[in-house]
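[1] only the shape, not the letters, is given here:
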């Protein structure tokens, strides 16, 4: 039974009453349960409270849908949403380290799922692309709820390989798309396969630990081939790339592997047809990242992430417990931006691409306004691990070593040289860095004069973030989610 509350129910709690009746029509004792009470919970989990019916939200006052792409008869709205898997949200470690601002009752899936449908209904998308979707939630809740409330009556689900129970999903309106063929691209390959990979091979030869690092990822890419009502083909690539903040090179190689599969296996069979491609999902990367650059224009050897990737071997861990124990010993996004600024300033002041180790100690460590014991420890680490002359790759690795040893005291030692947001912006693009390789994107070619388009984003009250995306044949990046719409394959 599926009950849809009405406006008359607002402000009240829903109660389910079950009355058993035997074959003779005699009723037995009734059972009553209020939504939010009872039911099984894992040990230590709190029950959601105050689960009352809320007024149906008004549809947001959104901008008018943009002009239609050439292959569509009318405009289309796309929404990409990582809905956050319960196991990455409602456990003790996550609540303490990732979401300390969130009360436990609001982290539970049976509370958050109501917000998911509510917020998707805000955007009224024609195409919804989701990551971290629990298989049971998809079948029993999202499919019927989205079909009834948002007219997303078409759907396709792809479960992660070797790690069953959850995956990625695409929902679409059947009045916009008449058919969907869904399949997956496996990113979970063993060491030997990565070593022989036509794109990754050269990188694995330069770094003997890279194949092992690549083999530990368990991601997939979901590919959906949608046929529009005007008989055009829309290929949707739903990505969820490797999440470790120190592994940009793995995200680039994952994207390259996916792109190499799309050309012969997907676009090849639609040769001569009107084909457009959407690459969307949770890239775990920003708009200045190598993976974003790769998908839009290619990434050359001077991109700083090639150098920064060299420090990954300092922090790569093989077990979940080890990764959690080292969570605060890994450089974060703010550290990366600060490191680029600090080294670019040193290069500018010295007039060289490499910096003497003594200059690093003087400018970064000795000038810090903190306890002498921390500065002494940092100097010892620098003298022990850093070469006499440091390129950016050496400097970034040094910072990771310092973060690993100093932990919570790291910012006290080096934070002063990170600069302000305005100073970082002024130095953007001035860092001279050369890494170990480059990737040329040979499949997609975006239109000239690509622009960021109008967007609306906000943070929800209870843990999850959602991004409403209104695009028109342009390139868009928002937060951890990105949608790239690349119309027409270029031969």
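    Noted; the coordinates are in hand. On a predicted model such as this, the values are computed, not experimentally measured, just so you know.
[2] low-confidence regions, this protein specifically.
    Applying pLDDT under 70 to the chain flags the ranges 1-2, 34-52, 54-75, 162-163, 263, 316-318, 434-491.
[3] what's the domain layout of the chain?
    1-56, 78-299+439-487, 329-426 (automatic domain parsing).
[4] would JSON lines of the ones you listed with mean neighbour count and distance to residue 312 be doable?
    To be clear about C-beta, it is placed using only N, CA and C from the backbone, and glycine gets the same treatment. Below are those laid out as JSON lines (neighbours: other CB atoms under 10 Å; distance: least, CB to CB, whole Å):
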{"stretch": "domain 1-56", "mean neighbour count": "11", "distance to residue 312": "33"}
{"stretch": "domain 78-299+439-487", "mean neighbour count": "19", "distance to residue 312": "5"}
{"stretch": "domain 329-426", "mean neighbour count": "17", "distance to residue 312": "9"}
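[5] may I see those organised as CSV, with distance to residue 307 added?
    CSV is the format used below for the domains of the chain (distance: least, CB to CB, whole Å):
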stretch, distance to residue 307
domain 1-56, 43
domain 78-299+439-487, 10
domain 329-426, 4
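[6] any idea which of those gets closest to residue 314?
    Comparison of those against residue 314 by CB to CB identifies domain 329-426 as nearest, at 5.0 Å.
[7] what's the span of that closest one from first residue to last?
    With CA to CA, to the nearest Å as the measure, domain 329-426 spans 29 Å from end to end.
[8] repeat that for stretch 399-417.
    Taking CA to CA, the first and last residues of stretch 399-417 lie 12 Å apart.
[9] switch to numbering from 19
    Fine by me, first position is 19 from now on; the one you just mentioned is stretch 417-435.
[10] quick one: distance of that stretch to the chain centre.
    Here stretch 417-435 is found 26 Å from its chain centre; the criterion is CA atoms, centre = their mean, to the nearest Å.
[11] show residues contacting that stretch.
    Stretch 417-435 has contacts (CB atoms under 8 Å, 6 or more residues apart in numbering) with 264, 329, 332-333, 344, 346-349, 353, 356-357, 360, 363, 381-383, 385-389, 392-393, 395-396, 399-400, 403.
[12] show me what the strand or helix carrying residue 114 is packed against.
    According to DSSP states H and E, residue 114 maps onto helix 110-115. Where contact means 3 or more CB pairs under 8 Å, 6 or more residues apart in numbering; DSSP states H and E, helix 110-115 is packed against helix 122-125.
[13] same for the helix it packs on, what does it pack against?
    Contacts defined by 3+ CB pairs under 8 Å, 6+ apart place helix 122-125 against helix 110-115.
[14] mind checking how far the helix it packs on is from the chain centre?
    19 Å.
[15] can you show me the helices along the stretch 219-368 of the chain?
    Assigned by DSSP state H, counting those that start in this stretch, the stretch 219-368 of the chain shows helices spanning 219-224, 228-233, 266-283, 308-314, 322-327, 338-343, 351-368.
[16] the third one - contacts with which helices or strands?
    Applying 3+ CB pairs under 8 Å, 6+ apart, we find helix 266-283 packed against strand 195-204, helix 228-233, strand 238-246, strand 251-258, helix 308-314, helix 322-327.
[17] CSV for these, including distance to residue 431?
    Converted to CSV, the helices and strands packed on helix 266-283 look like this (distance: least, CB to CB, whole Å):
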stretch, distance to residue 431
strand 195-204, 43
helix 228-233, 28
strand 238-246, 40
strand 251-258, 35
helix 308-314, 28
helix 322-327, 19
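[18] for residue 446, which of those is the nearest?
    helix 322-327 (10.9 Å).
[19] gap between residue 257 and residue 327?
    Per CB to CB, to the nearest Å, residue 257 is found 19 Å from residue 327.
[20] again, but for residue 256
    As for residue 256, its distance to residue 327 is 25 Å (criterion: CB to CB).
[21] same check on residue 116?
    As judged by CB to CB, residue 116 and residue 327 stand 24 Å apart.
[22] do residue 207 as well
    19 Å.
[23] let's see the distance spanning stretch 258-274 from one end to the other.
    OK, stretch 258-274 end separation, CA to CA: 14 Å.
[24] check stretch 243-262 too.
    30 Å.
[25] for stretch 224-235, same thing?
    Using CA to CA, one end of stretch 224-235 lies 20 Å from the other.
[26] what do you get for stretch 242-254?
    Separation of the first and last residues of stretch 242-254 by CA to CA is 5 Å.
[27] show residues contacting it.
    Residues from elsewhere that reach stretch 242-254 (CB under 8 Å, 6+ apart): 89-91, 145, 147, 174, 188, 190, 193-200, 240-241, 256, 280, 284-285, 288, 291-296, 298.
[28] who's in contact with residue 357?
    By CB under 8 Å, 6+ apart, the contact list for residue 357 reads 326, 349, 413, 414, 417, 436.
[29] would JSON lines of these with distance to residue 220 be doable?
    Formatted as JSON lines, the contacts of residue 357 follow (distance: CB to CB, whole Å):
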{"residue": "326", "distance to residue 220": "19"}
{"residue": "349", "distance to residue 220": "26"}
{"residue": "413", "distance to residue 220": "25"}
{"residue": "414", "distance to residue 220": "22"}
{"residue": "417", "distance to residue 220": "27"}
{"residue": "436", "distance to residue 220": "34"}
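[30] and which of those residues is nearest to residue 318?
    For the contacts of residue 357, the nearest to residue 318 is residue 326 (14.9 Å; CB to CB).
[31] quick check: closest non-adjacent residue to that closest one.
    residue 414 (5.1 Å; CB to CB, 6 or more residues apart in numbering).
[32] can you confirm the one you found is in a helix?
    Yes - per DSSP: H, G, I helix; E, B strand; the rest coil, residue 414 lies within a helix segment.
[33] enumerate the beta-bridge partners assigned to the spatially most central residue of the chain.
    Centroid-nearest residue in the chain, with CA atoms, centre = their mean: residue 300, separated by 2.7 Å. Counting by DSSP bridges, residue 300 is bridged to residue 258, residue 499.
[34] next up, the contacts around residue 384.
    Residues near residue 384 by CB under 8 Å, 6+ apart: 393, 397.
[35] gap between it and residue 434?
    From residue 384 to residue 434 the distance is 11 Å (CB to CB).
[36] can you check residue 282 too?
    For residue 282, the distance to residue 434 (CB to CB) stands at 52 Å.
[37] then residue 368?
    19 Å.
[38] just residue 223 next, same as before
    Distance, residue 223 to residue 434, by CB to CB: 40 Å.
[39] cool, residue 283 as well?
    Going from residue 283 to residue 434 by CB to CB gives 51 Å.
[40] before we move on, what about residue 155?
    From residue 155 across to residue 434, the span is 46 Å (CB to CB).
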